[in-house]
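In: Please find the sequence and the predicted model below.
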Amino acid sequence: MRSASVHELKQELLNLPAAELTELCLRLAKYKKENKELLTYLLFEAHDENGFVQSIKKEIDAEFAQINHSSLYFVKKTLRKILRHITKHLRYTGSSQVTVELLIYFCQSIKESGIPIEKNPVIANLYKGQVQKINKALLALHEDLQHDYAREVAALEM
């Protein structure tokens, strides 16, 4: 079965009545957890981006509190898990400002947790990659916001 393009889907959705559109959305939400999470974000959290960012930061703090520091292997696995979680939420928002804010918070949390970044090349590369993503996302922001975040990013540099 060939899947339709986004343009074709958009045209078809514009022709549907509201009740049918609601049924389609609910059916999509039933079958995949990410669809349900995206729908939840769009309906309940998109209007309050600051509240959304604060809730994600609380989740990040909770996950950092559970890191097993006995081995760098476990630290690395947990950091990747946290990053997957953050990336999923960043896809929902699509905002460069939220991207910069959450990735800066992630990198600051790594530094504050006392994880020896330099001892493990995988962790060091993960950290450097996130700093590069922050710098790339900064370019999409307004100049005033770029200036505000520039100091925080400078503190993250290794």
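Out: Arrived safely, thanks for sending.
In: got a pLDDT number for L126?
Out: Per-residue confidence (pLDDT) for L126: 94.
In: what sits against it?
Out: L126 is in contact with 76, 79-80, 83, counting by Cβ atoms under 8 Å, 6 or more residues apart in numbering. Using the backbone N, CA and C atoms, a C-beta is placed for each residue, glycine as well.
In: among those, who's most crowded?
Out: In terms of neighbour count, L79 stands highest of these at 25 neighbours, by other Cβ atoms under 10 Å.
In: for it, what are its contacts?
Out: 67, 110, 115, 123, 126.
In: in which helix or strand would I find the fourth one?
Out: Taking DSSP states H and E as the criterion, the element that holds I123 is helix 121-138.
In: Alpha carbons of that helix, as CSV, please.
Out: Output in CSV follows, covering the C-alpha atoms of helix 121-138 (Å, rounded to 0.1, in the frame of the first residue of the first chain):
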residue,chain,number,x,y,z
PRO,A,121,35.1,9.5,24.9
VAL,A,122,31.4,8.5,24.2
ILE,A,123,30.1,10.8,26.9
ALA,A,124,32.5,13.5,25.8
ASN,A,125,31.2,13.2,22.2
LEU,A,126,27.6,13.1,23.3
TYR,A,127,28.2,16.3,25.3
LYS,A,128,30.0,18.0,22.4
GLY,A,129,27.2,17.0,20.0
GLN,A,130,24.6,18.6,22.2
VAL,A,131,26.6,21.8,22.4
GLN,A,132,26.8,21.8,18.6
LYS,A,133,23.1,21.3,18.3
ILE,A,134,22.6,24.3,20.7
ASN,A,135,24.8,26.5,18.6
LYS,A,136,22.9,25.4,15.4
ALA,A,137,19.5,26.1,17.0
LEU,A,138,20.8,29.5,18.2
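In: Can you name the next helix or strand after it?
Out: Next along from helix 121-138, by DSSP H and E: helix 143-156.
In: Quick one: list the elements packing against that next one.
Out: Applying 3 or more Cβ pairs under 8 Å, 6 or more residues apart in numbering; DSSP states H and E, one finds that helix 143-156 makes contact with helix 96-113, helix 121-138.
In: Any idea which of the contacts of L79 the model trusts least?
Out: I115 (88).
In: ok, the residue nearest to that residue when sequence neighbours are not counted - contacts?
Out: Of all residues not flanking I115 in the chain, V75 sits nearest, at 5.7 Å (Cβ to Cβ, 6 or more residues apart in numbering). With contact set as Cβ under 8 Å, 6+ apart, V75 has these partners: 67-69, 115, 120, 123.
In: All set now, cheers.
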